[in-house]
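Student: fold the following and give me the result.
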Amino acid sequence: MFGPVGVAYVYRIYGLHWCMNLVCSDASAVLLRALMPLDGIGRMKDRRKVDNVLSLCSGPAKLAQALNITNMLDGMPVHAPPFLIKQRDESVQIESGTRIGIRRAIETPWRFWQAGSPYVSGKRSLGVSSRTLVMPKSV
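Tutor: This is a model prediction of the structure:
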């Protein structure tokens, strides 16, 4: 999290699972909690030992296991291989709600997901109203 902007911050949680963040600015990062698998689904199923595509990457540890994320990616720039980040073709609605899996500052709505996505892990809102934002395609 204290590295340069645009690099991966990979760490173990509970000493068991890898998690990956994207470093954004001074001592801040965004945890990748879920994604919609589009490519390499067969390899992801093999790594996770599940067949349900909705379950492949529906949590930070599941995502890391499906994508074979390990500490070898820690500090690597996310704008270069093996990463591939593409610009969207259209705007999407983004919802936010309370964070999960922590004990402090849980009321802060720092958890974001694409509205209507079936790939999101955990409850959508835990006592704090979610809000909808429109994320333009240029972001």
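Student: need the per-residue pLDDT for the residue nearest in space to the middle of the chain.
Tutor: Centroid-nearest residue in the chain: residue 32, 1.7 Å away (criterion: Cα atoms, centre = their mean). We note a pLDDT of 92 for residue 32 in this prediction.
Student: could you list every residue that touches it?
Tutor: 19-22, 60, 63 (Cβ atoms under 8 Å, 6 or more residues apart in numbering). Every C-beta, even on glycine, is put in place using the N, C-alpha and C of the backbone.
Student: so which of these belong to helices?
Tutor: 60, 63 (DSSP state H).
Student: closest to residue 40 among the contacts of residue 32?
Tutor: residue 63 (12.7 Å; Cβ to Cβ).
Student: ok, that closest one touching residue 57?
Tutor: Yes. At 4.2 Å, residue 63 counts as touching residue 57 under the criterion of Cβ atoms under 8 Å.
Student: more crowded one of the two?
Tutor: residue 63 (26 against 23; other Cβ atoms under 10 Å).
Student: gap between that one and residue 47?
Tutor: Separation of residue 63 from residue 47 (Cβ to Cβ, to the nearest Å) stands at 11 Å.
Student: same question, residue 70
Tutor: 11 Å.
Student: which one of those two has more residues nearby?
Tutor: residue 47 (16 against 13).
Student: what kind of secondary structure is that one in?
Tutor: helix (DSSP: H, G, I helix; E, B strand; the rest coil).
Student: local confidence estimate at it?
Tutor: So, for residue 47, pLDDT stands at 97.
Student: correct me, but it touches residue 65?
Tutor: Yes. Applying Cβ under 8 Å, one finds residue 47 in contact with residue 65, separated by 5.6 Å.
Student: overlap of the contact sets of residue 63 and residue 57?
Tutor: Common neighbours of residue 63 and residue 57 (Cβ under 8 Å, 6+ apart) are 34-35.
Student: average pLDDT for stretch 115-130, rounded please.
Tutor: 65.
Student: closest to residue 5 out of the contacts of residue 32?
Tutor: residue 22 (8.9 Å).
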